[in-house]
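> structure, please.
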Amino acid sequence: MLRTDTGYIPSKWSVVLAALLLSLLTVGCDSQQQAQQQRKLPEVSTVTVQTQEIMEFTELPGRTSSFRIAEIRPQVNGLIQKRLFKEGSEVKAGQVLYQIDPAPFQAALDSATAALSRAEAKLPSIRSRAERYKSLLAVKAVSQQDYDDAADALAQNEADIKYYKASVQTARINLGYTKVKAPISGRIGKSSVTDGAIVTAYQANALATIQQMDPIYVDVPQSTTELLRLKRSLSQGRLSQNSKNQNQVKLILEDGTPYPHEGTLQFRDVTVDPTTGSVILRMVFPNPEGTLLPEMFVRAIVNEGVNNKALLVPQQAVSRTQKGDPFALVVDGENKVILRMLTIDRAIKDKWLVSNGLASGDRVIIEGLQKVRPGMAVKAVPFKENVKSPANAAQPKAGSK
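So this is what the prediction gives:
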């Protein structure tokens, strides 16, 4: 029996009390051990990935080319009297560029005009004679042969008038060709001839070349591999091209600065270049400041389509095996680490676009990767993003991966 201040406790109660005290001590020890174990679990920061809608782009190199090119050639033979433009300047359509000596062409026009006037002067008398012979033939006053000769003379005179009118028109056209005009507006290059040079009609060497650069073309080669990948994504429903901005294209200049004006995708060529295995994408960009010059190297950012179920993972959450295969560590429902091999499509800003290996709702470890291994139990806490630095806030360029 146990003795207390009020007396003795029976032995059976002493046994119950001892058992109670023992159980309380045991529970306390277990709770303490569990707390110690919980404190020993490695802590990792995770990001829960969710599907979202994004616009997918691809970046392709290309070169600019003039919207229109006109090689200036004379259409008549002659002597260049004067060059009427400044090399390297902007010219307008219809502006006179060269003056060819017009004297022989003016003489040809005057000669044709005189011949036409002579034929037209004979017409009234010849017509009157033919009409008079026709009335006399009805009363047998002239022979049929006389009437036929008068009618033939009238027809010949009328034909001569038509011929001379054509000659006048030809001479007038040739005289107009002595003023060599610009067929299009644009920037004209250097002149291949000077004043006093002899030129021939439609000669092989151009007198000058005009290039229209506003707007301007950008020709971009796209590999057939990328083209097939895009078509496969569209057929599988991963991408859709119903956006109103589907054909809008952005441009990056040679020095890495973005071009301020957006362009429009005109068409994709259907002929594959056998040497490069690519097709040409032609785009049109406004060029009001003349920043883009023909044959300039640029990079075009082409809109591929809208991905309604995109999974984006921060780049620091993705590691690679010794063979270079990407993988990520994920915390499952039992707070254990599992390894997921990934298929990465491309980089979008500071994240990877994952096409296979993750599902919406997965908790991907982003910090603490060095202290965990697959199968380990961990303590997962949400990742808190730091305030973006100016470098992170900039728009990164999308590229295939």
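> C-alpha only now, for contacts and for neighbours.
Noted.
> the helices in the stretch 151-300 of the chain, which residues?
Ranges of helices within the stretch 151-300 of the chain are 224-235, based on DSSP state H, counting those that start in this stretch.
> what about the strands in the stretch 251-400 of the chain?
263-268, 278-285, 297-314, 319-320, 326-331, 337-341, 343-348, 351-356, 363-367, 379-382, 399-400 (DSSP state E, counting those that start in this stretch).
> in the stretch 101-250 of the chain, where is pLDDT below threshold?
Scanning the stretch 101-250 of the chain for pLDDT under 70 picks out the ranges 238-245.
> can you map out the strands along it?
For the stretch 101-250 of the chain, the strands defined by DSSP E, counting those that start in this stretch occupy 179-181, 186-188, 198-199, 208-223, 248-252.
> tell me which of the strands of the stretch 251-400 of the chain sits most buried.
Across the strands of the stretch 251-400 of the chain, the average number of neighbours (mean count of other Cα atoms under 10 Å) peaks for strand 363-367, which reaches a mean of 23.
> give me every residue that touches I161.
116, 119-120 (Cα atoms under 8 Å, 6 or more residues apart in numbering).
> drop anything exposed from these.
Using 16 or more other Cα atoms under 10 Å as the burial test, these include 116, 119-120 as buried.
> closest one of the contacts of I161 to P260?
L116 (61.4 Å; Cα to Cα).
> for the longest helix along the chain, what is the distance to the chain centroid?
Secondary structure of the chain per DSSP state H: the longest helix is helix 103-138. Mean C-alpha position of helix 103-138 versus that of the full chain (Cα atoms, centre = their mean, to the nearest Å) differs by 64 Å.
> and the lengthiest strand in the chain, average pLDDT?
Using DSSP state E to define each element, the chain has its longest strand at strand 52-72. Mean pLDDT, computed over strand 52-72, is 89.
> adjacent strands (with direction) for it?
Strand pairing for strand 52-72, using DSSP bridges, gives strand 208-223 (antiparallel), strand 297-314 (antiparallel).
> closest to V49 out of these?
strand 297-314 (6.6 Å).
> off-centre distance for the closest one?
Using Cα atoms, centre = their mean, the offset of strand 297-314 from its chain centre is 14 Å.
> if we can go back for a sec, just the buried ones among the contacts of I161 now: which is nearest V381?
Nearest to V381 among the buried ones among the contacts of I161: L116, at 101.6 Å, using Cα to Cα.
> what about K336, neighbour count?
For K336, the neighbour count with other Cα atoms under 10 Å is 18.
> show me what contacts it?
374-378.
> 7 Å - rerun?
375-378 (Cα atoms under 7 Å, 6 or more residues apart in numbering).
> now do the closest residue to it other than its chain neighbours against K40, distance only.
Leaving aside its chain neighbours, K336 sits nearest to A377 (4.3 Å; criterion: Cα to Cα, 6 or more residues apart in numbering). A377 is 10 Å from K40, where distance means Cα to Cα, to the nearest Å.
> give me the more crowded residue out of those two.
A377 (19 against 11).
> that one touches N335, doesn't it?
Yes - under the criterion of Cα atoms under 7 Å, A377 makes contact with N335 at 5.7 Å.
> who wins for proximity to K323 among the strands of the stretch 101-250 of the chain?
For K323, the closest of those is strand 208-223, at 25.9 Å, according to Cα to Cα.
> name the residues that touch that closest one?
Residues from elsewhere that reach strand 208-223, judged by Cα under 7 Å, 6+ apart: 60-72, 185-192, 277-288.
> thinking again about what came up before, pipe the strands of the stretch 251-400 of the chain into TSV and attach distance to S143 and mean pLDDT per row.
Shown next, in TSV, are the strands of the stretch 251-400 of the chain (distance: least, Cα to Cα, whole Å; pLDDT from 0 to 100):
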stretch	distance to S143	mean pLDDT
strand 263-268	75	88
strand 278-285	77	91
strand 297-314	86	86
strand 319-320	113	91
strand 326-331	110	93
strand 337-341	112	93
strand 343-348	100	84
strand 351-356	102	88
strand 363-367	116	92
strand 379-382	121	90
strand 399-400	96	42
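> since that was my last question, I'll sign off now.
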